[in-house]
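Asks: I'd like to go over a predicted model; first the sequence, then the structure.
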Amino acid sequence: MSAILAVVGPSLPTDAVVRRMLGAMSARGADRAELWRGPDAVLAVSRATWQLASEFAGDMMVLDTGDCVVIADASIFYRADLCAALRARGIAASSGLSSTELVLAAYRAWGDAAAEHIEGDFAFIIWDRRAKRLICSRDFGGKRPLYYAELGDSFVVASLVSGVVEHPDCPTDLNLAAIAETIAQFWAGSDDTVYTAIRELISAHTAVWSSGGRLSVARNWSPPEIAQGPTSSFEDGAAELRHLLMRSTSERFSRQGMTSIWMSGGWDSPSVFGAGQAALQADGSGRELRPVSISYPVGDPGREDELIAAISNHWKAPIEWIDVNSIPLIDRPVEGAHERDVPFAHTYEHWNRALATTSRAAGARVSFDGNGGDQLFATSDVYLSDLFRGGRWFELLREWHRKGGRNPRAFAEWALVPAVPPSIMRRVQRLRGREWADYLDRAIPSWIRPDFAGRYGLRERETAGMGHRPADKGWRREARYFLTAPAFGRAFKSLGAFALESGVELRSPLLDRRVIEFACTRPREERYEGRETKRLLREAMRGLLPDHVLAPRPFRTGITSSYSDRQMRASFPGLMHYLLDAPVLGELGIIDSDAVRLNWDRYLKTRSNSLKIPLFLTLHMELWLRARLRPEQTVKPADAPTRVRTGAR
């Protein structure tokens, strides 16, 4: 990964300012940096030494071909396929090109649609000098961020908010609605950031800025239609999925030595492990895929040690174990607030940091995770509403019985309410004196002041950001939403950053475009039927994982709530004074401190995640705001070294 930035327009910052902008993003790599300057654009990039290897971003820093200048934060997969497609369009290309050179080749072949044809984890910026246009793109996985601001006649884009803020013309007025959205952890929300002047280029989007200040932002990838009919049998589908996962892992392996996998005892990361081991066995390269796993105490609902050991033993792979009790939920909160680019704090930050640190200590530069399994191969009970809506009432009752359904309220919640048009539900709830919320909505925490929520239209902002296809209902709508809601990309960006700071690049073989597009064609019954979930994924792993691991389970395993509850109860009380003693959030009119105290007491009784996570996020938001609004607490990162190049010819 790299830090990249560009400023275009009639007024450009000095080299010293550009160095400060890069310095503000030093967490993304600062061992080597390069700056390019032209009459109406300046581009810069910095990265860590290990990222200069060809399998990562590469040693091509700034690519200047006279007509175009390109910088990229990218690891590109399926290079042979991309090069074949480029040659078909008359563009000479080879797999040995750097990621930056491949981005330029794709731009020459497809113009602004280049990102649609590149498969990988990427963010890139292209300055088309002749057309005086800046093209900025991100992939749908979201690990490589970009943020931008329109500052008068100038346009600024950078990998981190901190890089944009360092521009001397960038205002730092706070966006109070975005602050509240972050506390509530809205899934959709908007492209707003905590600063009114800065926006996020959401994953799977391309922004194009043209001379004269014209800016357009559009999607560069969307999932296909969901489950329009299977193209093969269940058995053939499982075989195809196995092949796709073997290819996906092969494309993402470290080219030499060991790749780690952050493995649980569930079905997602073990499927990546099984497919990866089968791929390594087939290629005979001698490379290694090693699990890094977290051990929970006997009796803890998070414990999957025995399942993990069985999976690893199946392939005779050693395990790097981490004791969960050695991982804090909250660590160095004040210092971390100074260092954090944005106020959002991942609930399991230190859990993931421990996985990354252990992976690097074991010798890995690449780690795999299992993210994507829930989105692609499972669904919630909302599919019951599809049966009700379609008049398949016998099947609906059969499914409810197979689930052991007993609670009439739960039946209504999943089978009936989602089938009622939202306009009708809103009218019903108004008559009952309640605010109607879609089941995909995140609740507004009760300590956010109601007058604030109403004045800033928080519920309306979330609803507007959800998007909707009229044809998508029930589980299809959910499946699409879980692939496009901005919150998931933001979480993946955080995970990638944690890994990067430990010297590891995190990759997600399940979030492979080919795997996603295949999964979207498959019927709901392969995701969830009766009490069986992830049926197709499990079948695809038959023979690659132990049978008892793939068998249906009578109860959920790997539940991390007990760990986080223990940690929350131990660490949160000592930090409560930040939220109760003249908090900045209170001064801004966003929260009610008394309501915070009341809901903390309620959490101690209920252990509800719907209280725990927003309380956690509220604390970290308060700390982040204090770090920036109280000058005595401000810590500035060191400037990054920069080699200056000129764009003059």
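Replies: Good, I have the coordinates. The model shown is predicted, which means the values in this text are computed figures rather than measured ones. Numbers count the residues shown, from 1 in each chain.

Asks: please save the CA atoms from the biggest helix by length in the chain in CSV.
Replies: The longest helix of the chain (DSSP state H) is helix 609-629. Coordinates of each C-alpha in helix 609-629 appear next as CSV, following Å, rounded to 0.1, in the frame of the first residue of the first chain:
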residue,chain,number,x,y,z
ASN,A,609,-24.5,-5.1,21.1
SER,A,610,-26.9,-2.4,20.0
LEU,A,611,-25.6,-0.5,23.1
LYS,A,612,-22.1,-1.7,23.4
ILE,A,613,-20.8,-0.7,19.9
PRO,A,614,-22.4,2.8,19.8
LEU,A,615,-21.0,3.5,23.3
PHE,A,616,-17.6,2.4,22.2
LEU,A,617,-17.8,4.6,19.1
THR,A,618,-19.1,7.5,21.1
LEU,A,619,-16.1,7.3,23.4
HIS,A,620,-13.6,7.2,20.5
MET,A,621,-15.4,10.1,18.7
GLU,A,622,-15.1,12.2,21.9
LEU,A,623,-11.4,11.4,22.2
TRP,A,624,-10.7,12.1,18.5
LEU,A,625,-12.5,15.5,18.8
ARG,A,626,-10.6,16.4,21.9
ALA,A,627,-7.3,15.6,20.2
ARG,A,628,-8.1,18.1,17.5
LEU,A,629,-10.0,20.8,19.3
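
Asks: so who does T557 touch?
Replies: 265-266, 301, 303-304, 307 (CB atoms under 8 Å, 6 or more residues apart in numbering). C-beta coordinates here come from the backbone N, C-alpha and C atoms, glycine included.

Asks: of those - the most surrounded one?
Replies: E304 (24 neighbours; other CB atoms under 10 Å).

Asks: what about the closest residue in space to K534 that isn't next to it in sequence, how many neighbours?
Replies: In space, and not counting its chain neighbours, K534 is closest to F377: 4.5 Å by CB to CB, 6 or more residues apart in numbering. Residues near F377, counting by other CB under 10 Å, number 25.

Asks: just to revisit the earlier point, closest to G586 among the contacts of T557?
Replies: Of all those, P301 has the smallest distance to G586: 35.9 Å, by CB to CB.

Asks: between the contacts of T557, which is closest to G404?
Replies: P301 (19.4 Å).

Asks: how far away is that closest one from S264?
Replies: 13 Å (CB to CB, to the nearest Å).

Asks: any common contacting residues for the two?
Replies: G558.

Asks: that older thread, can I get the contacts of T557 in CSV including pLDDT and distance to W209?
Replies: Putting those into CSV (pLDDT from 0 to 100; distance: CB to CB, whole Å) gives the following:
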residue, pLDDT, distance to W209
G265, 96, 47
G266, 96, 43
P301, 94, 50
R303, 96, 51
E304, 97, 48
L307, 98, 50
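
Asks: that older thread, buried residues, the longest helix of the chain. List them.
Replies: Buried residues in helix 609-629, defined by neighbour count with 16 or more other CB atoms under 10 Å: 611-628.

Asks: checking V428 next. Helix, strand or coil?
Replies: helix (DSSP: H, G, I helix; E, B strand; the rest coil).

Asks: let me know how buried it is, in neighbour terms.
Replies: By other CB under 10 Å, neighbour count at V428 equals 13.

Asks: check D173 too.
Replies: Applying the criterion other CB under 10 Å, we find 8 residues in the vicinity of D173.

Asks: contacting residues for it?
Replies: So D173 contacts 195-197 (CB under 8 Å, 6+ apart).

Asks: just the ones of the residues you listed in helices?
Replies: Reading helices off these, I find no matches (DSSP H).

Asks: show me which of the residues you listed is closest to L416.
Replies: Distances from L416 to those, taken by CB to CB, are shortest for T196, at 41.6 Å.

Asks: and the gap between the residue nearest to K534 and T231?
Replies: Taken as CB to CB, the span from F377 to T231 is 17 Å.

Asks: what of A33?
Replies: 49 Å.

Asks: looking at those two, which is more packed in?
Replies: Between A33 and T231, counted using other CB under 10 Å, A33 has the larger neighbour count: 25 against 11.

Asks: any idea how far that one lies from S95?
Replies: From A33 to S95 the distance is 27 Å (CB to CB).

Asks: name all residues that make contact with the spatially closest residue to L575 that is not a sequence neighbour.
Replies: Distance criterion CB to CB, 6+ apart; nearest residue to L575, sequence neighbours excluded, is L619 at 5.8 Å. Contacts for L619 (CB under 8 Å, 6+ apart) come out as 330, 333, 572, 575, 578-579.
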